[in-house]
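# okay, sequence plus prediction incoming.
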Amino acid sequence: MIQTHIPAPTAPASATAFARALRAAGFAGAIDLDHASRAAMATDNSVYQLEPDLIVAPKEAGDVEILMRAAAEPAFADLPVTARGGGTGTNGQSLNRGVIINFQRFMTRILEVNAAEGWVDVEPGIVLDELNAAIADTGLFFAPDTSTANRCTIGGMVSTDASGKGSRIYGKTSDNVLGLDLVLDAGRRLSSLSPTPDWAAPMLGEIATACDDGRAALIAHTPRISRRFTGYDLERARPALDQLEWWRLLLGAEGTLGLVTRIRLKLTPKPRHKRLVVVAFSRFADALAAGAPLLAHAPLAMEIMDDWVQRLAREAGLMDGLPPAIRGTADDSISYLFVEFAGADANALEGAVVRLQDAAARLPGAIGTYC
């Protein structure tokens with residue numbers, strides 16, 4: 001039998017040259033050109049696949065400045081630079097040719113915690129669940145609760161303005177960020193947490209003008225809903241003609257405006273009590289219609305389960321804890337709303353649960369509730 005060796009694809013010469021330039025400039029992080037490393041960064045949580053030319057993992061903010069200075073050299077003008085966190089995006093945001101910056105490998109530190117003032121400074125590669133576990137003894141937490149909390153990074157949450165369960169009460173990521181440090185082209189550093197350098201004044205003036213020019217059209221054509229959009233938030237970046245919160249443009253910009261190296265997060269007191277109410281409906285349409293009236297009771301979160309998923313869960317034994325009256329039989333097409341409450345006062349929480357159960361019982365198609 002003839003065996004044929006098929007060599008793995010090699011990185012382009014421009015990527016190899018860029019790697020050498022980084023080392024020569026004092027870059028202390030990891031640089032990976034091998035095919036296995038590049039293939040590992042070719043996919044994320046989307047359906048797309050795009051293999052980069054080079055993977056770099058900075059060890060701290062100084063490495064990011066070195067990287068951006070090197071990228072500004074004319075020889076590397078056509079080499080894309082893309083930040084990556086946990087790779088949990090569903091739209092391929094962290095996939096690209098050129099250079100992928102893996103923040104999750106080294107830049108995962110908590111830089112400062114101020115429990116008295118309710119904030120924490122972190123590097124962009126720290127995972128949400130790991131952050132909250134590390135500050136648990138303060139009684140505070142970073143509130144946006146994504147479904148990928150055990151693997152998504154804070155930097156990725158900033159880039160996509162992530163929300164998640166509880167965001168209708170606590171707000172999404174942009175409602176819980178207080179400032180950040182940014183590295184721009186040629187390694188220029190700009191921080192909203194420090195005095196503005198002289199070189200940045202003309203640039204910030206141009207940004208203010210751009211916000212003024214586009215703000216009215218953005219407000220007029222953007223739905224007034226909490227999740228809204230991923231993009232440049234001209235509205236909140238320019239709250240008044242004498243104010244410019246430029247760093248808010250980074251929240252939802254998907255890494256297109258620069259590389260974030262430090263993020264100050266607002267922390268929220270952890271609720272002492274939680275309650276979950278299960279509301280069963282005979283039709284999925286009735287469960288959907290019930291969402292709006294039940295939101296009037298100000299729950300922390302609300303999730304829906306249609307009859308198809310309910311059947312799979314029941315067959316797997318996951319619904320056995322529910323009373324028979326709302327669990328149904330194999331022939332029943334039951335849908336559920338799961339309504340969660342949270343708060344510091346157990347009595348107030350109990351009152352909210354009772355009021356919601358009373359209201360739910362009067363809704364069309366309601367079978368019963370359980371908590």
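Arrived safely, thanks for sending.
# by contact count, what packs against the host helix or strand of R264?
Using DSSP states H and E, R264 sits in strand 259-266. With contacts taken as 3 or more Cβ pairs under 8 Å, 6 or more residues apart in numbering; DSSP states H and E, strand 259-266 sits against helix 61-71, strand 81-84, strand 119-122, helix 154-160, strand 177-183. (Each C-beta comes from the backbone N, C-alpha and C, glycine too.)
# next, the buried residues of the second one.
Yep, that's strand 81-84 we're talking about. When burial is assessed from 16 or more other Cβ atoms under 10 Å, strand 81-84 yields the following buried residues: V81, T82, A83, R84.
# go ahead and confirm the third one touches T261.
No. Contact criterion Cβ atoms under 8 Å: A83 and T261 do not qualify, at 10.2 Å.
# find the residues that touch each one of these two.
Counting by Cβ atoms under 8 Å, 6 or more residues apart in numbering, the contacts common to A83 and T261 are P124.
# right, and the helix or strand after the top helix by length along the chain?
Selection of the longest helix in the chain by residue count, based on DSSP state H, yields helix 201-221. Per DSSP H and E, helix 201-221 leads on to helix 234-237 as the next helix or strand towards the C-terminus.
# for that next one, C-alpha coordinates in PDB please.
Once non-C-alpha atoms are left out, helix 234-237 reads as follows in PDB (Å, rounded to 0.1, in the frame of the first residue of the first chain):
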ATOM      1  CA  LEU A 234     -24.400  57.200  19.000                       C
ATOM      2  CA  GLU A 235     -27.300  58.000  21.400                       C
ATOM      3  CA  ARG A 236     -25.700  57.200  24.700                       C
ATOM      4  CA  ALA A 237     -22.200  58.200  23.600                       C
END
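# which outside residues touch it?
In contact with helix 234-237 (Cβ under 8 Å, 6+ apart) are residues 174, 207, 210-211, 214-215, 218-219, 222, 244-249.
# helices of the stretch 51-200 of the chain, residue ranges please.
For the stretch 51-200 of the chain, the helices defined by DSSP state H, counting those that start in this stretch cover 61-71, 128-134, 154-160, 167-170.
# what does the first one rub up against?
Here helix 61-71 makes contact (Cβ under 8 Å, 6+ apart) with 18, 21-22, 25-29, 56, 58, 76, 79, 81, 99, 101, 107, 123, 181, 183-189, 259, 261-262.
# in the stretch 1-150 of the chain, which spans are strands?
All strands of the stretch 1-150 of the chain, identified by DSSP state E, counting those that start in this stretch, fall at 30-32, 54-57, 81-84, 99-102, 110-114, 119-122, 140-141.
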